[in-house]
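> Structure for the following, please:
(chains A and B)
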Amino acid sequence: MSSTSFNKQLKTAFFSALLVIAVAYPVLGLKLTTVGIGLEVHGASSTTLAIIFGAAVLMFIWQLVRDRIPTPRRGYGSKNSPLTRLGTKLTEPSVQRWVILGLILVALVWPFWGSRGAVDIATLILIYVMLGLGLNIVVGLAGLLDLGYVGFYAVGAYSYALLSHYYGLGFWICLPIAGLMAALFGFLLGFPVLRLRGDYLAIVTLGFGEIIRILLRNLTSITGGPNGISGIDKPTLFNLTFERRAPEGMQTFHEFFGIAYNSNYKVIFLYLVALLLVLLTLFVINRLLRMPIGRAWEALREDEIACRALGLNPTLIKLSAFTLGACFAGFAGSFFAARQGLVSPESFTFIESAIILAIVVLGGMGSQLGVILAAIVMILLPELMREFSEYRMLMFGAMMVLMMIWRPQGLLPMQRPHLELRK
Amino acid sequence: MNQPILQAKGLTMRFGGLLAVNGVNISVDEKQVVSLIGPNGAGKTTVFNCLTGFYQPTGGEILLRGTPIHGLPGHQIARRGIVRTFQNVRLFKEMTAVENLLVAQHRHLNTNFLAGLLKTPAFRRAEAEAMEFARHWLEEVNLTDVANRPAGNLAYGQQRRLEIARCMMTRPQLLMLDEPAAGLNPRETDDLKALISLLRDQHGVTVLLIEHDMHLVMSISDHIVVINQGSPLTDGTPEEIRNNPDVIKAYLGEA
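I've put the predicted structure just below:
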């Protein structure tokens, strides 16, 4: 090994170690404590500092020696490792179908044994699965980068909240209305902006998402401003409510079936409704993929000019993807409003859009099973690691970086169901 | 039937100060093969782009069976039956060969949302018919063996043929081929020639061709239009063109 390359390694190692300190010290080594109305900065304990320093030294050594460790093959890069083979197997459409069927069965049955908290989190995950699947149509299938997806989610949520608040309409009537409203917004936004491409489209949609949120916050007389709307009715099962006492003209679930009141029923019911919505979404998207419009989305993503030369109207095709994606966000939104019983503009910030997009990218663009897995990972991890909640964003970022290095194609990249010509 | 299928009169395209096409006249009769030739940079592809609506010509008019079509967007013109291929093949590379052909039939398929969602019998029938039509053309261009392979993995000559088959899926009146023989070996060029003849004789398609391969152009064309530096030089039968001193000077070269 020549001395120049050693020098270079030394430099890299030094900077890596410095980077460890630069990242870790402000995050771990400084503690903010509230004193009265002010904040005070304290240094962390000496053990923490020692650990940070130790980590930096370890990084330094690792960078120095890592080229000398004989690695004939990088584990994750090799084609033959069982993990990789399992990965490819899982992305085959025929296998995916069975996996999905199995997952559905498990998903249907487990809440009756699961704890209340777990079912609640699962419901949240399902909302994100729905959002991820919806955005997947726009980003993964049609290739349109949408950074304001949360705007349609908000439209759906507020549609139900407002209709319930002012007109006393129930969840099941409002669900399709919310979907249609969100689709309408998608259509209206899409019409002028879809002639834009790539980055420009992303910026416009980003602006749209913020406009919706700010509108909701400032239309105080209608939407209640920052306080939002509370007391939204929960879904009912054929007009049976899951509350302890039924409002006038309704019956409660436990009275109707003559069983004791249990607040868990409500949680499980909400979960099952969410599951139903997710299954519906999955079904629709699966059909779309095999329909002419699904093929047109794919073709458009690959070559817009060729599409035009063949008489396909690009604007119309993009618009259909945008509108359909928005529609699913609307469904998810109205369910979200029903589950929370409260909507406020703060639920629809840009970070929500970012998380949904992260789910799509993490899962593998266009892949449905991937989106489901990614939604579970993205929502469950922060819940499981509540003790580390201060470092949530740090871990979020680290996960993204690692994923992009190891599996830029996503957890389970899409393998589209190819139509075969039978001989 | 005396009316030409496509007629361009005084077609002009100006990009800022650059006059790329200047007063070109083309007239294509039914079931003819008309070639557009000229040196590199003469504006042949620009003429194509104007005719197919990818550019809005700055002057002149384009008539399809007497109806003006200039100013229409590209997909509208394609729907009226003018379909083109590209100088550098533009297939949907990730999709299989047969899927490429299905996408091209989009307009003729049942795109009703509910019908597709519920897989109604009408929807299934339309899909099956589309598949049958695609199979027919894959056979015509001799690509049945590779029907289920991604288009991007096909050999270059196969990609060229697939692109022509994809155009045929839209049931065109006029097929416009932009240098279809570029990059083909002599045998593949012969196949292409046979294919173009087949399209004209058996399927009644009119062909407008840009090509540099003079053997191909001279043997297959009914009429040839020569342009040079954006302006029309001359036009006539292959025999006339071959012996025209201006064309020889500007393009063919002294033999």
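> distance of residue B:6 from chain A?
Distance, residue B:6 to chain A, by CB to the nearest CB, to the nearest Å: 16 Å. Bear in mind the C-beta positions are built from the backbone N, C-alpha and C, glycine included.
> So if we follow the domain assignment, how does the chain break up?
By default, I'm working from chain A. Domain ranges of chain A: A:3-65, A:88-406, per automatic domain parsing.
> look at chain B instead
Per the record, chain B has its domains at B:1-81+B:174-255, B:91-171, by automatic domain parsing.
> mind giving me JSON lines with these and columns for mean neighbour count, distance to residue A:367 and mean pLDDT?
JSON lines is the format used below for the domains of chain B (neighbours: other CB atoms under 10 Å in any protein chain shown; distance: least, CB to CB, whole Å; pLDDT from 0 to 100):
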{"stretch": "domain B:1-81+B:174-255", "mean neighbour count": "18", "distance to residue A:367": "30", "mean pLDDT": "87"}
{"stretch": "domain B:91-171", "mean neighbour count": "19", "distance to residue A:367": "14", "mean pLDDT": "86"}
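> can you redo these as JSON lines with distance to residue A:33?
Formatted as JSON lines, these follow (distance: least, CB to CB, whole Å):
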{"stretch": "domain B:1-81+B:174-255", "distance to residue A:33": "64"}
{"stretch": "domain B:91-171", "distance to residue A:33": "55"}
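> so which of the domains of chain A is the most packed in?
Across these, averaging neighbours per residue (mean count of other CB atoms under 10 Å in any protein chain shown) puts domain A:88-406 on top, at a mean of 19.
> list the contacts for residue A:306?
A:299, B:86, B:90, B:91, B:92 (CB atoms under 8 Å, 6 or more residues apart in numbering or on different chains).
> In helices, which of those fall?
Members of those lying in helices (criterion: DSSP state H): residue A:299.
> now, which of the contacts of residue A:306 sits nearest residue B:228?
residue B:86 (23.0 Å; CB to CB).
> Find the residue at the geometric middle of chain A.
Centroid-nearest residue in chain A, with CA atoms, centre = their mean: residue A:356, separated by 3.0 Å.
> Please name the nearest non-neighbouring residue to that residue.
Of all residues not flanking residue A:356 in the chain, residue A:131 sits nearest, at 4.8 Å (CB to CB, 6 or more residues apart in numbering or on different chains).
> Quick one, which of the domains of chain B gets closest to residue A:232.
Smallest distance to residue A:232 across the domains of chain B (CB to CB): 30.0 Å, for domain B:91-171.
> and the closest one, anywhere near chain A?
Yes - Domain B:91-171 reaches chain A (CB under 8 Å from any CB of the partner chain) through B:91-96, B:98-100, B:102-107, B:109-111, B:113, B:116-117, B:119, B:131, B:134-135, B:138, B:144, B:147-148, B:166-167, B:169-170.
> With mean pLDDT and distance to residue B:25 as extra columns, can I get the domains of chain A in a markdown table?
Putting the domains of chain A into a markdown table (pLDDT from 0 to 100; distance: least, CB to CB, whole Å) gives the following:
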| stretch | mean pLDDT | distance to residue B:25 |
| --- | --- | --- |
| domain A:3-65 | 80 | 66 |
| domain A:88-406 | 85 | 24 |
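> before we move on, the earlier item: isn't the residue nearest to the centre of chain A right up against residue A:129?
No - counting by CB atoms under 8 Å, residue A:356 does not reach residue A:129; the two are 10.3 Å apart.
> Mutual contacts of these two, please.
Taking CB under 8 Å, 6+ apart as the contact rule, residue A:356 and residue A:129 have no neighbour in common.
> Which ones among the residues of domain B:91-171 next to chain A lie within helices?
Those of those mapping onto helices are B:98-100, B:102-104, B:113, B:116-117, B:131, B:134-135, B:138, B:166-167, per DSSP H.
> Residue A:379: which of the residues you listed is nearest?
Of all these, residue A:379 sits closest to residue B:117, with 28.9 Å by CB to CB.
> Could you double-check that that closest one sits in contact with residue A:284?
Yes - at 6.5 Å, residue B:117 and residue A:284 qualify as touching, with contact defined as CB under 8 Å.
> how about the domains of chain B, which one is nearest residue A:16?
domain B:91-171 (38.2 Å).
> give me every residue that touches the spatially closest residue to residue B:188 that is not a sequence neighbour.
Using CB to CB, 6+ apart and skipping residues adjacent in sequence, the residue nearest residue B:188 is residue B:157, 4.1 Å away. Each residue near residue B:157 by CB under 8 Å, 6+ apart is listed here: B:184, B:185, B:188, B:191.
> ok, the second one to chain A distance?
When CB to the nearest CB is applied, the distance between residue B:185 and chain A equals 25 Å.
> Around chain B, which positions in the stretch 251-400 of chain A sit nearby?
Counting by CB under 8 Å from any CB, the stretch 251-400 of chain A sits next to chain B at A:284, A:287-288, A:290-293, A:295-296, A:298-299, A:302-303, A:305-314.
> Out of the residues you listed, name the ones that lie in helices.
Checking those against DSSP H, those in helices are A:284, A:287-288, A:292-293, A:295-296, A:298-299, A:302, A:305-309, A:314.
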